[in-house]
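*Asks:* Generate coordinates for the sequence data below:
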Amino acid sequence: MKSFTGTSIKGLKNKNRTLILKLVATCSPISRVEIAKETGLTKMTVGNLVNELIERGFIAECDTSPETVSVPGRKPSMLQISDHSPCICGMLIKRGLCQVILADLSGTIISQSERKYQHSIDAAWLVDTLMELFLNLKQGFTREILAIGISSIGPLNSHTGTILKPPFFYQIENLPITSIISKKTGLPCFLINDANAGALAEKLYGLGKKFHNFAYLHIMNGIGAGFVLDNKLFDGHRGQSGEIGHTSINFSGPRCACGNVGCLELYANLDQMQRRIRSMCSYFPGSSLSAAPESVTWEAIIREAGKRDPLALAALEEFCDYISYAMIDALNLLDLSTVIVGYDAPDNSWPVERFLSDKLSNAVIAAPYRELHILHSCFNGNAPLIGAIAVAAEQIFSLNLPVFEPEQNENESCDLPEAENANLAGGSTYSQDV
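*Replies:* Numbering: from 1, shown residues only. You can find the predicted model right below:
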């Protein structure tokens, strides 16, 4: 038998309050008039709820600059997340690196710490390191911490908060990371695949805000993808969607550690690029990469490719060839026309995007009928780190993690007009199709 759930006036007010908080967090600076336009709420209701959020320390008025004012007359009062607002802790787990940050609900990093490592680790070392970094940041930090988000290499199960068995990750297996960290800190904790974290960061805080559907492609110590479909992160059955690095591009290729054969990551990797450079360096003796091809870094290849170095361009084009095989399938299957690419780039040349744009435009079925957008992440290679904040913030914005304590005088009565019951505040209208 189907069950139905109603919403009280108090619940409706909380939804609208949270929607306004999300708009300020993701679209600041923003005025009360703009909030009313985006949400469909009356100016009176917006004013009352904004005043409550200011009193509770979540948002604050900010200085108005000429760039933020597009209409003549009296300058509107602009809003942003308060410098004293509650915060979120984000943790990133990578091969060779652990990072912990404290950030506000707008994704702005307040403080951060990291630990690089080259030795073999176990689960106890990983947990102890994350907790040490967290406690160091928390010391002397006076703002409330609402939750912890963890972005990690996979495979993992985001629903149970468990890191399963990532390849080449020191035999760490079935680690219930969220329950351990939550028990040690007393805070709610959420786990997300690093590529999905990158996609969520772009959707909440980055270039993805204006797209209903897009793919996020993460190139960093492996290759992953995250997909936003109909304005929502698609995370699959257990939060492990987007493992594009372990899709086969050569059915007769070598066996991968994941058990598949001919996986993309076996071909599109730094070792393969170094071999390509080593095999061709005699043809390009003037290239800066020819001196020590076996120790060439990703950053060096990207930097020199941006300078049109022929050896770097040859290695990078082969790398992008392999990636395009997998991305063509993904874009055709999901009918996507936007790809946001995240990787560390030392300048604004972004050669990967140029190569992928050429290769995908010639092969994606829908390309002749609409423009493909291949964009570089505004977070460079840090989208998965910001995504650790985003996964917890999204729990707050979707009301899965309540953060507002009822005021003593807040009862079932509410100043919302009856007509505004249509505005259930489950979403907003500021995204646009492209």
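*Asks:* where along the stretch 151-300 of the chain do the helices fall?
*Replies:* Counting by DSSP state H, counting those that start in this stretch, the stretch 151-300 of the chain has helices at residues 177-185, 194-205, 270-280, 298-306.
*Asks:* Could you work out which of those reaches nearest to Asn48?
*Replies:* Taking Cβ to Cβ, helix 194-205 is the member of the helices of the stretch 151-300 of the chain nearest to Asn48, at 25.6 Å. To be clear about C-beta, it is placed using only N, CA and C from the backbone, and glycine gets the same treatment.
*Asks:* Which residue comes closest to Ile376 once chain neighbours are left out?
*Replies:* For residue 376 the amino acid is His, not Ile. Trp350 (4.4 Å; Cβ to Cβ, 6 or more residues apart in numbering).
*Asks:* That neighbour and Ile374 touch, don't they?
*Replies:* No. Trp350 lies out of contact with Ile374 (Cβ atoms under 8 Å); the separation is 9.2 Å.
*Asks:* Overlap of the contact sets of those two?
*Replies:* Common neighbours of Trp350 and Ile374, counting by Cβ atoms under 8 Å, 6 or more residues apart in numbering, are Val341.
*Asks:* how about Val352, what does it touch?
*Replies:* Neighbour list for Val352: Ile219, Ile302, Leu316, Cys320, Val341, Tyr343, Ala345, His376 [criterion: Cβ under 8 Å, 6+ apart].
*Asks:* correct me, but the fourth one touches Lys359?
*Replies:* In this case it means Cys320. Yes. Using Cβ under 8 Å, Cys320 is in contact with Lys359, at 6.3 Å.
*Asks:* Can I get the helices of the stretch 151-300 of the chain in TSV including distance to Thr45?
*Replies:* Converted to TSV, those look like this (distance: least, Cβ to Cβ, whole Å):
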stretch	distance to Thr45
helix 177-185	36
helix 194-205	24
helix 270-280	54
helix 298-306	49
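*Asks:* would CSV of those with mean pLDDT be doable?
*Replies:* Formatted as CSV, the helices of the stretch 151-300 of the chain follow (pLDDT from 0 to 100):
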stretch, mean pLDDT
helix 177-185, 98
helix 194-205, 97
helix 270-280, 92
helix 298-306, 92
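*Asks:* Pick the most deeply packed of the ones you listed.
*Replies:* helix 194-205 (a mean of 30; mean count of other Cβ atoms under 10 Å).
*Asks:* Can you tell me the closest non-neighbouring residue to Leu401?
*Replies:* Counting by Cβ to Cβ, 6+ apart, Gln395 is the residue found nearest to Leu401 once chain neighbours are left out, at 4.1 Å.
*Asks:* one step back: between Cys320 and Lys359, point out the one with more neighbours.
*Replies:* Legend: neighbour count by other Cβ atoms under 10 Å for Cys320 and Lys359, higher for Cys320 (22 against 19).
*Asks:* Quick check: closest non-adjacent residue to the more buried one.
*Replies:* Excluding the flanking residues, the one nearest Cys320 by Cβ to Cβ, 6+ apart is Phe355, at 3.8 Å.
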